[in-house]
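return a 3D structure for these sequence lines:
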Amino acid sequence: MPSPQVVHQFFCEELSAKLQYRWHLSEENYAKFSVFTPKEEVVFKGLRILNVLMGSPRSEVRRMKQSIIELIPRVMYRRHGGSLGSRTKKDAFDIAIDGTLQRIKHKLANMLEH
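Numbering: from 1, shown residues only. Predicted coordinates for the structure are as follows:
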């Protein structure tokens, strides 16, 4: 039976996280909210993800939960017309637009230099 400390799980390959969520989830902060489990260990050696997660100290789980709570606005889409408090925080769409604009700005700057 799963431990009560294992509440939510999100599985993705490391490269997928880096490519698809680069603006939303800062790579240098991955250790604050994630547990890396090599895919090869799971697929070829029978490592059970649940066993890895259950092996995490409760204090670390609490810290990670708090980090995830802080990340939630960055990975969710705000409801149009939501409360004033939610409108002052950037949601997933805002972050993606900002990242796209920065990318375009960087490419234009490079084009002008050459």
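
show me the contacts for residue 48.
Residue 48 sits next to residue 42 when contact means Cβ atoms under 8 Å, 6 or more residues apart in numbering. C-beta coordinates here come from the backbone N, C-alpha and C atoms, glycine included.

pLDDT score assigned to it?
According to the per-residue confidence, residue 48 scores 89 in pLDDT.

same deal with residue 54?
Residue 54 is given a pLDDT of 87.

how close does residue 48 get to residue 41?
Using Cβ to Cβ, to the nearest Å, residue 48 is found at 10 Å from residue 41.

I misspoke; the intended subject was residue 52.
Separation of residue 52 from residue 41 (Cβ to Cβ) stands at 9 Å.

what do you get for residue 74?
29 Å.

ok, these two, which is more surrounded?
Legend: neighbour count by other Cβ atoms under 10 Å for residue 74 and residue 41, higher for residue 74 (17 against 13).

tell me which element that one is part of?
Counting by DSSP states H and E, the element that carries residue 74 is helix 58-75.

tell me the average confidence for that helix?
86.

check which helices and strands it sits against.
If contacts are counted by 3 or more Cβ pairs under 8 Å, 6 or more residues apart in numbering; DSSP states H and E, helix 58-75 sits against helix 30-33, helix 92-113.

got the angle between that helix and helix 92-113?
The directions of helix 58-75 and helix 92-113 differ by 70 degrees, with axes from the mean of the first three to the mean of the last three Cα atoms, to 10 degrees as the criterion.

using PDB, write out every CA atom in helix 58-75.
Presented in PDB, the C-alpha positions along helix 58-75 are these (Å, rounded to 0.1, in the frame of the first residue of the first chain):
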ATOM      1  CA  ARG A  58       9.500  12.900   5.100                       C
ATOM      2  CA  SER A  59      11.300  16.300   5.500                       C
ATOM      3  CA  GLU A  60      12.300  16.200   1.900                       C
ATOM      4  CA  VAL A  61       8.800  15.200   0.800                       C
ATOM      5  CA  ARG A  62       7.400  18.200   2.700                       C
ATOM      6  CA  ARG A  63      10.000  20.500   1.200                       C
ATOM      7  CA  MET A  64       9.200  19.200  -2.300                       C
ATOM      8  CA  LYS A  65       5.400  19.600  -1.800                       C
ATOM      9  CA  GLN A  66       5.900  23.200  -0.800                       C
ATOM     10  CA  SER A  67       8.000  23.800  -3.900                       C
ATOM     11  CA  ILE A  68       5.300  22.200  -6.100                       C
ATOM     12  CA  ILE A  69       2.600  24.400  -4.500                       C
ATOM     13  CA  GLU A  70       4.700  27.500  -5.400                       C
ATOM     14  CA  LEU A  71       5.100  26.200  -9.000                       C
ATOM     15  CA  ILE A  72       1.400  25.500  -9.600                       C
ATOM     16  CA  PRO A  73       0.600  29.000 -11.000                       C
ATOM     17  CA  ARG A  74       3.500  28.600 -13.500                       C
ATOM     18  CA  VAL A  75       2.100  25.400 -15.000                       C
END
